[in-house]
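Visitor: here's my sequence, what's the structure:
(one chain, ligands or ions: 2)
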Amino acid sequence: MEIIKGIPVSPGFAIAEAFIVSGSKLDIPRRFVDEESTEKEVVRFFEAVKIAQDDIRQLQESMDPNLGLEARPIFDAHIMILADSSLHDEVVKRINTNRFSAEYAVSRSLRKFEKVFYSIKDEYLAQRVSDIQDIERRLIRALLGQRANDLKSLNKKVILVAHDLTPSDTAEIDTSKVVGFCTAVGGSTGHTAIVARAMELPAVVGLGNVSTDVNMGDTLIIDGNRGIVIINPDEETIDKYKLLANDFLEFEESLFSEKDLAAITSDGTIADVKGNIEFPREVKQILKGGGDGVGLYRTEFLYLSTQNDPSEEVHYSVYVKSLEALNGKPLTIRTLDLGADKFFHTGDTLTERNPNLGCRAIRYCLLRPDIFRTQIRAICRASAHGTIRMMVPMVCSVEEVIKTREILTEVQDELAAEGIAYDTEMQVGIMVEIPATALTLESYVPYVDFFSIGTNDLIQYTIAVDRTNEHVANLYRPGHPAVLLLIKTIIDVSIKNNIPVSMCGEMSGDPTFIIFLLGLGLKSFSVAPPIIPEVKKLIRSVSIDDAEQIAKEVMAMNDERKIVTHLRKFTRKIMPKWMV
Ligand code: PEP
Ligand code: MG
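Guide: Numbering: from 1, shown residues only. Ligands and ions are numbered 1, 2, ... in the order given. Now for the predicted structure:
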């Protein structure tokens, strides 16, 4: 049994076999053969070695002679490794002694070599791990006769193990087969994590060598609350986690049974809890959890389903579909936030050295008014069918809001001239997720109808910590006094100027901070749909006096650890210990 610690990104517990997703998505199930078949498996292995070597030679011949100069020695080395007798011995031993299929024996043997290379404190050799991985893929492909064995052919539940999963990989996970996942890289508010939460998949990221520590078919436990992965647990640990998983489910059920109770504090302060979505299908989940509408629709996920820029009709139809599902509740559409860890469309990828500080979101939209206009036109047309609020991300200057409003007015005039209906009263707001904007918020007041606090980016830009980088994940702290001060400033300015303010960053769904935020005066939360009932329950469980008192105490503290301990102590009186 081995326990590894990573970053918890999506709550819940999962116990299942590991399914390793390699870069090329070629993977193999753990399979045993009978004694009589071992000889056949050994023959298959040596045939695969020959096919792999021939493939490499063919590749070398077809290579551009200039590029080939550098690449040829690498491929020569691959051919030599494939001919190496220690590799052969290792694989043959696993087939003969363990009765593994040739595919599984190759995978186990090559992973052993990978691990050895990783552990060598020599950068050059450590880099050679990718060569070993390449050879493994080539051999397995040869054994499978080029047939990628994907998840579809599985007939049992698994936990995905990957070096990394993109947000699109995550969104495409088949939840009838996959019960959780863990990755080597990533951070708590990257988009992969956000999608995992939306899909209710327990997940842990930032686990270092997980994809080489775990073998296909190993039993895994994912503890998405504490960020722990247990490899090949003993019976006692499995039993303990089965009980926890049960408690978790029972607690979730009890929350859902109260979902229709309003989010009102014990002394009558009313709050609203909306949901964040990436796809219109998630609206159903919001309503199921008793949510008050959509507080953030991340429309850049539209780029997942198309190779080109989505057309006006594509935008329009998903917005109308969402509105219909919402049945009168508001839909907050965030204009495209392309760039950084999100999607880029195919035709126009910008090469940027530091994309998080680069041309993302509103900056990109203003650079490409054609794309921006198309979306705004669709938003306006859809606004005739229900309550739409348009929200602009990553705003860092008043000029950006003024320019956006100019484009909006032009589009609305155009529609009026064409006789197309739209909501003339549609509200326009901005996300406050850059410290500069938070600190000068008064100057935005004349131009906006609402503010929404994007803590995922606000934290990354305040503390200068990449939200997706596991190496600095320990520094990514929502409870940092500077972050709390900025949040308080935003809420104070909004209240003073009578501008509605909400929070749609992940912090608004973090049980540790909800009561504190309420005490600062926040009355509108937008969170991952599955946790709406939990947030409502927390709000119902306190009085506004207590919440204000705790906010006051925290604002007088200047030590992040003490702040978090103080808040957790309070929250644990209401929620189960494993939750916070
Ligand atoms: C945020 O930054 O808090 C936010 C909600 O936006 P995103 O996570 O999509 O960047
Ligand atoms: Mg953001």
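
Visitor: quick one, what contacts the nearest residue to residue 527 once chain neighbours are set aside?
Guide: Nearest non-adjacent residue to residue 527, counting by Cβ to Cβ, 6 or more residues apart in numbering: residue 509, 3.2 Å away. Glycine gets a C-beta too; all of them are placed from N, C-alpha and C. By Cβ atoms under 8 Å, 6 or more residues apart in numbering, the residues touching residue 509 are 197, 525, 527-528, 531, 534-535.

Visitor: so which of those residues belong to strands?
Guide: Residues of the contacts of residue 509 located in strands (DSSP state E): 525, 527.

Visitor: can you turn the buried part of the contacts of residue 509 into a ChimeraX selection?
Guide: Applying 16 or more other Cβ atoms under 10 Å to the contacts of residue 509 leaves a buried subset, and the ChimeraX line that selects it is:
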select :197,525,527,528,531,534,535
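
Visitor: report the central residue of the protein.
Guide: The chain has residue 192 as the residue nearest its centroid, 1.9 Å off, counting by Cα atoms, centre = their mean.

Visitor: for the helix or strand harbouring that one, packing partners?
Guide: Element membership for residue 192, per DSSP states H and E: helix 191-198. Applying 3 or more Cβ pairs under 8 Å, 6 or more residues apart in numbering; DSSP states H and E, we find helix 191-198 packed against strand 7-10, helix 167-171, strand 203-205, strand 272-277.

Visitor: put together JSON lines for these, with mean pLDDT and distance to residue 288 on each row.
Guide: Listed next are the helices and strands packed on helix 191-198 as JSON lines, based on pLDDT from 0 to 100; distance: least, Cβ to Cβ, whole Å:
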{"stretch": "strand 7-10", "mean pLDDT": "89", "distance to residue 288": "18"}
{"stretch": "helix 167-171", "mean pLDDT": "71", "distance to residue 288": "19"}
{"stretch": "strand 203-205", "mean pLDDT": "94", "distance to residue 288": "21"}
{"stretch": "strand 272-277", "mean pLDDT": "96", "distance to residue 288": "10"}
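
Visitor: would you turn these into TSV with mean neighbour count?
Guide: Listed next are the helices and strands packed on helix 191-198 as TSV, based on neighbours: other Cβ atoms under 10 Å:
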stretch	mean neighbour count
strand 7-10	24
helix 167-171	20
strand 203-205	30
strand 272-277	26
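
Visitor: tabulate those in TSV, adding columns for distance to ligand 1.
Guide: Formatted as TSV, those follow (distance: least, Cβ to the nearest ligand atom, whole Å):
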stretch	distance to ligand 1
strand 7-10	13
helix 167-171	10
strand 203-205	15
strand 272-277	7
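
Visitor: right, so of the ones you listed, which gets closest to ligand 2?
Guide: If you check each of these against ligand 2 by Cβ to the ion, strand 272-277 wins as the nearest, at 10.8 Å.

Visitor: near ligand 1, which residues of the stretch 151-300 of the chain?
Guide: 296, 298 (Cβ under 6 Å from any ligand atom).

Visitor: kindly list the main-chain dihedrals of the residue of the stretch 151-300 of the chain found nearest ligand 1?
Guide: Nearest residue of the stretch 151-300 of the chain to ligand 1: residue 298, at 5.3 Å (Cβ to the nearest ligand atom). Note on residue 298: backbone dihedrals following degrees, to the nearest 10 are phi -80, psi 90.

Visitor: that one reaches residue 278, doesn't it?
Guide: Yes: the criterion here is Cβ atoms under 8 Å, and residue 298 meets it with residue 278 at 5.0 Å.

Visitor: what residue ranges in the protein are flagged as low confidence?
Guide: Counting by pLDDT under 70, the chain contains low-confidence ranges at 22-29, 62-72, 121-127, 144-153, 168, 304-307, 341-350.

Visitor: buried residues in the biggest helix by length in it?
Guide: With secondary structure taken from DSSP state H, the chain has its longest helix at helix 38-62. Neighbour-count burial for helix 38-62, counted by 16+ other Cβ under 10 Å, picks out 38, 41-42, 44-45, 48-49, 51-53, 56, 60.

Visitor: could these be laid out in JSON lines, adding distance to residue 555?
Guide: Shown next, in JSON lines, are those (distance: Cβ to Cβ, whole Å):
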{"residue": "38", "distance to residue 555": "69"}
{"residue": "41", "distance to residue 555": "66"}
{"residue": "42", "distance to residue 555": "69"}
{"residue": "44", "distance to residue 555": "67"}
{"residue": "45", "distance to residue 555": "65"}
{"residue": "48", "distance to residue 555": "64"}
{"residue": "49", "distance to residue 555": "66"}
{"residue": "51", "distance to residue 555": "67"}
{"residue": "52", "distance to residue 555": "63"}
{"residue": "53", "distance to residue 555": "67"}
{"residue": "56", "distance to residue 555": "63"}
{"residue": "60", "distance to residue 555": "65"}
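
Visitor: so which of those is the closest to residue 156?
Guide: Set against residue 156, the nearest of the buried residues of helix 38-62 by Cβ to Cβ is residue 41 (22.7 Å).

Visitor: isn't that closest one up against residue 104?
Guide: No: counting by Cβ under 8 Å, residue 41 stays clear of residue 104, with 9.5 Å between them.

Visitor: the residue lying closest to residue 55 once chain neighbours are set aside - how many residues pack around it?
Guide: Ranked by Cβ to Cβ, 6+ apart and with sequence neighbours excluded, the top spatial neighbour of residue 55 is residue 138, at 6.4 Å. Using other Cβ atoms under 10 Å, residue 138 has 23 other residues around it.

Visitor: state the helix or strand in which residue 138 lies.
Guide: Element membership for residue 138 (DSSP H and E) is helix 129-143.

Visitor: which positions in that helix come out as buried?
Guide: Buried, per 16+ other Cβ under 10 Å, within helix 129-143: 129, 131-143.

Visitor: could I get these as TSV with distance to residue 259?
Guide: What follows is those, written out as TSV (distance: Cβ to Cβ, whole Å):
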residue	distance to residue 259
129	48
131	53
132	50
133	46
134	50
135	52
136	47
137	46
138	51
139	51
140	46
141	48
142	53
143	50
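
Visitor: for the longest helix of the chain, give me every contacting residue.
Guide: Applying Cβ under 8 Å, 6+ apart, the contact partners of helix 38-62 are 33, 68, 71-72, 75, 78-79, 82-83, 88, 91-92, 95-96, 99-102, 105-106, 135, 138-139, 142-143.

Visitor: these in helices, which ones?
Guide: Those of those mapping onto helices are 68, 71-72, 75, 78-79, 82-83, 88, 91-92, 95-96, 102, 105-106, 135, 138-139, 142-143, per DSSP H.

Visitor: now the buried members of the residues you listed.
Guide: The neighbour-count test (16+ other Cβ under 10 Å) marks 75, 78-79, 82, 88, 91-92, 95, 102, 105-106, 135, 138-139, 142-143 as buried among the ones in helices among the contacts of helix 38-62.

Visitor: which of those come close to ligand 2?
Guide: Here nothing survives when these are matched to ligand 2 using Cβ under 5 Å from the ion.

Visitor: so residue 283 versus ligand 2, what's the distance?
Guide: Remark: distance between residue 283 and ligand 2 (Cβ to the ion, to the nearest Å) = 21 Å.

Visitor: so that residue is in which element?
Guide: Per DSSP H and E, residue 283 falls inside helix 283-288.

Visitor: run through who's touching that helix.
Guide: Residues outside helix 283-288 that contact it (Cβ under 8 Å, 6+ apart) are 198, 256, 259, 274-275, 277, 293-294, 322, 325-327, 329, 529-530, 532.
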